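*Asks:* sequence plus predicted model, see below.
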Amino acid sequence: MGIAPVPGRTPPVATPPGTGPGRAPELLVLGCSVTGAAAAVAQPFVLGRTLDLLLGGHDAGPWLAASVALLVGEILLDGLTAFLTGRCTADWTAAIRSRALRGLLHAVPDTARAHSPGDVATRLTLNASDAGAAPTARAALTASLVTPAGALIALAVVDVWVAACVLVGLPALAWVLRTFARDTGTSVGAYQRVQSDIASRLLEAVEGAETVAAAGTAARERERVLRPLPELGTLGERMWRLHGRALATGGVLVPLLTVAATAVGGLRLGAGALTAGELLAVIRYAQLAAGIGGAATLVGAVARGRSARERTRGLEGLPALSYGPRTLAPGGPGTLELRGVRVSRDGTEVLRADLLTVPGGRTAAVVGRSGSGKSVLAAVAGRLLDPDRGQVLLDGTPLPSLTRTCLRAEVGFAFARPELGERTVAEAVAAGPRAVSPHQVRSAVRLAGADAFVHRLPRGYDTPLADAPLSGGEYQRLGLARAFAHTGRLLVMDDATSSLDTATEHAVERAQRRSPSVVTRLVVTHRPSVAARADLVVWLEDGRVRAVGPHRLLWREAAYRAVFGAREEGAEAPSRDRDGETATGPADTLQKQARP
Ligand SMILES: Nc1ncnc2c1ncn2[C@@H]1O[C@H](COP(=O)(O)OP(=O)(O)OP(=O)(O)O)[C@@H](O)[C@H]1O
């Protein structure tokens with residue numbers, strides 16, 4: 001099966017985050033809404049005048065035409081507002097979502113992990129669309145205030161007494177709205193937080209479905225996922241109650257105001273101060289002025305949008321790594337140095353490496369018990385995270401001074417659980433910091449020992465990963481192939497062969513050694529055989545480098561053997577087995593690190 005040429009992924013560029021559609025669509029929505037409101041305010045006056053002319057037997061033609069024009073205009077403006085609102089909301093939602101996603105993808109992985117997948121999913125979906133709807137909700141809210149204000153002014157022009165009657169009732173409606181806006185704001189934030197908590201629990205349950213099935217703990221898991229539901233219910237009920245109270249109070253106040261205005265208008269008609277048409281107009285104006293109560297829904301949408309925006313900003317504002325202007329001189333050996341490195345998390349030091357050197361072209365195994373800091377060391381060595389103190393240098397250059405492109409091209413990573421996307425096998429392997437030819441893809445796949453099973457896939461290299469029935473070890477080997485295809489001068493492998501059987505793992509290592517490219521390797525491993533074949537071993541204990549040296553010397557220590565579960569005194573070190581090579585080199589002595 002042939003491999004289609006695959007362009008390598010362009011290295012990520014520092015483009016400014018999506019700015020969204022800007023203020024223009026929002027202002028257009030505002031313009032349309034306000035014009036619609038103006039048409040609604042003009043209508044009662046024009047209709048009243050038309051009625052008076054018709055009742056008086058006068059020519060009402062132009063006024064009738066104006067009435068029809070206002071009616072049609074209002075309908076058209078409503079349609080245009082709905083269209084622009086949809087468009088503006090969609091554009092803002094997309095922009096907010098891409099900003100948040102960009103923040104997440106550019107964040108230091110260690111800090112991004114503080115957000116669970118469920119939390120991220122909620123922020124990028126529900127919260128992003130609520131936040132995207134806020135600009136148009138704000139515009140609609142502004143316009144919804146124009147109608148009552150305009151109606152009140154028109155009312156004052158037609159009859160000042162009816163206007164005064166409505167004005168007396170308006171503060172009560174404004175108070176209802178203000179209380180609703182204040183109370184709903186706090187409830188919405190809490191509601192969104194609990195929503196995201198449930199989503200996180202649900203995703204965890206889906207991810208661990210096999211464990212749940214095997215342990216028969218489905219009922220307990222269901223209870224765990226739904227535990228925050230009562231709180232969500234309480235908060236939801238509270239929001240509905242607030243909304244209901246605002247609408248009910250408004251629902252009582254609005255008819256009361258209208259009835260009062262009608263009564264005053266009736267009295268003024270009786271006194272001959274108003275015509276029948278003017279009475280029709282003032283009743284309508286009273287209704288429009290009291291329509292301020294209907295703004296409760298928009299106030300709710302604005303409050304929800306504001307709180308949701310805070311949540312999407314949480315992803316946008318994640319700390320990102322900054323990069324320098326330097327590049328590495330070509331042909332360097334890939335010497336890695338850690339000097340005075342300290343990493344702390346939650347007040348605990350999780351990594352301390354005073355002086356650690358991996359000579360260029362050598363393989364260093366990083367071993368230690370679970371939680372001893374191996375992955376933190378791997379992340380610091382390849383600058384997935386910066387140490388709190390100290391320096392990491394590659395060929396004498398501090399990693400933070402390198403450009404992003406140079407760093408990612410020179411330092412490759414392979415992980416225990418790679419993320420390869422849904423593209424084809426060939427595309428997944430080719431994706432990376434540099435352009436990779438089909439030939440290089442094949443070589444990398446062969447080097448990772450993946451060639452045989454890739455050929456067995458329905459469409460070989462062109463099989464989409466989503467359709468490729470791969471085992472954990474096979475998937476891991478594709479992750480290795482991607483790392484090999486883009487290898488620079490340093491390759492960091494964090495437990496990247498853990499799902500491979502030892503024979504395959506050994507074969508992959510042998511193939512790597514035979515490869516002509518000189519690469520420095522930092523290999524996190526739990527297997528003594530991998531440590532035995534490495535040029536040197538970095539032994540971590542409780543976040544500190546306990547010793548650095550060749551495996552066969554370290555093996556003499558019972559505590560070192562205990563890391564691999566081998567406790568017997570003087571147990572024989574596993575053979576170094578380097579295809580006939582003898583163990584020589586700078587690491588052939590044991591450097592014990594001072595214990596604090
Ligand atoms: N972002 C973080 N926040 C808090 N603690 C962290 C964070 N990252 C790592 N740690 C802690 O640092 C310690 C070392 O973690 P690390 O993942 O490096 O261990 P490890 O040796 O790779 O373990 P394993 O062999 O189980 O993968 C652990 O106690 C871990 O809980």
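*Replies:* Alright, I've got the coordinates. Quick caveat, the model's predicted, so the values are computed rather than measured. Numbering: from 1, shown residues only.
*Asks:* leaving out sequence neighbours, find the closest residue to the residue of the stretch 1-150 of the chain found nearest the ligand.
*Replies:* In the stretch 1-150 of the chain, the residue that lies nearest the ligand is Asp110 (4.6 Å; C-beta to the nearest ligand atom). Quick note: C-beta positions are derived from backbone N, CA and C, even for glycine. The shortest distance from Asp110 to any non-neighbouring residue, by C-beta to C-beta, 6 or more residues apart in numbering, is to Leu385 (4.6 Å).
*Asks:* any idea of the pLDDT on that neighbour?
*Replies:* Leu385 carries a pLDDT value of 91.
*Asks:* one more: Arg544?
*Replies:* Reported pLDDT for Arg544: 95.
*Asks:* and the residue lying closest to it once chain neighbours are set aside, helix, strand or coil?
*Replies:* Residue nearest to Arg544 in three dimensions, not counting chain neighbours: Arg352, with 4.8 Å by C-beta to C-beta, 6+ apart. Secondary structure assignment for Arg352 (DSSP: H, G, I helix; E, B strand; the rest coil): strand.
*Asks:* next one: Arg342
*Replies:* Arg342 - assigned by three-state DSSP - is strand.
*Asks:* check Val548 too.
*Replies:* Under three-state DSSP, Val548 comes out as strand.
*Asks:* quick check: bridge partners of it?
*Replies:* Val538, Gln591 (DSSP bridges).
*Asks:* any weak-confidence spans in the protein?
*Replies:* Residues of the chain meeting the criterion pLDDT under 70: 1-21, 291-294, 515-516, 566-596.
*Asks:* show me where it has its strands.
*Replies:* 336-345, 348-358, 363-368, 389-394, 397-398, 411-415, 490-494, 520-524, 536-541, 544-549, 591-592 (DSSP state E).
*Asks:* next, Asp159: phi, psi?
*Replies:* Dihedral pair for Asp159: phi -150, psi 110, per degrees, to the nearest 10.
*Asks:* what parts of this structure come near the ligand?
*Replies:* Listed as neighbours of the ligand in the chain under the rule C-beta under 6 Å from any ligand atom: 110, 113, 345-346, 350, 368, 370-376.
*Asks:* which of the residues you listed are buried?
*Replies:* By neighbour count, with 16 or more other C-beta atoms under 10 Å, those hold Asp110, Val350, Gly368, Ser372, Gly373, Lys374, Ser375, Val376 as buried.
*Asks:* quick check: the two most widely separated of those?
*Replies:* Asp110 and Gly368 (18.5 Å; C-beta to C-beta).
*Asks:* need the strands of the chain in JSON lines (columns: distance to Ile96).
*Replies:* As requested, the strands of the chain are arranged in JSON lines below (distance: least, C-beta to C-beta, whole Å):
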{"stretch": "strand 336-345", "distance to Ile96": "30"}
{"stretch": "strand 348-358", "distance to Ile96": "34"}
{"stretch": "strand 363-368", "distance to Ile96": "40"}
{"stretch": "strand 389-394", "distance to Ile96": "35"}
{"stretch": "strand 397-398", "distance to Ile96": "36"}
{"stretch": "strand 411-415", "distance to Ile96": "30"}
{"stretch": "strand 490-494", "distance to Ile96": "33"}
{"stretch": "strand 520-524", "distance to Ile96": "37"}
{"stretch": "strand 536-541", "distance to Ile96": "42"}
{"stretch": "strand 544-549", "distance to Ile96": "44"}
{"stretch": "strand 591-592", "distance to Ile96": "52"}
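*Asks:* distance of Val366 from Arg311?
*Replies:* From Val366 over to Arg311 the distance is 37 Å, taken as C-beta to C-beta, to the nearest Å.
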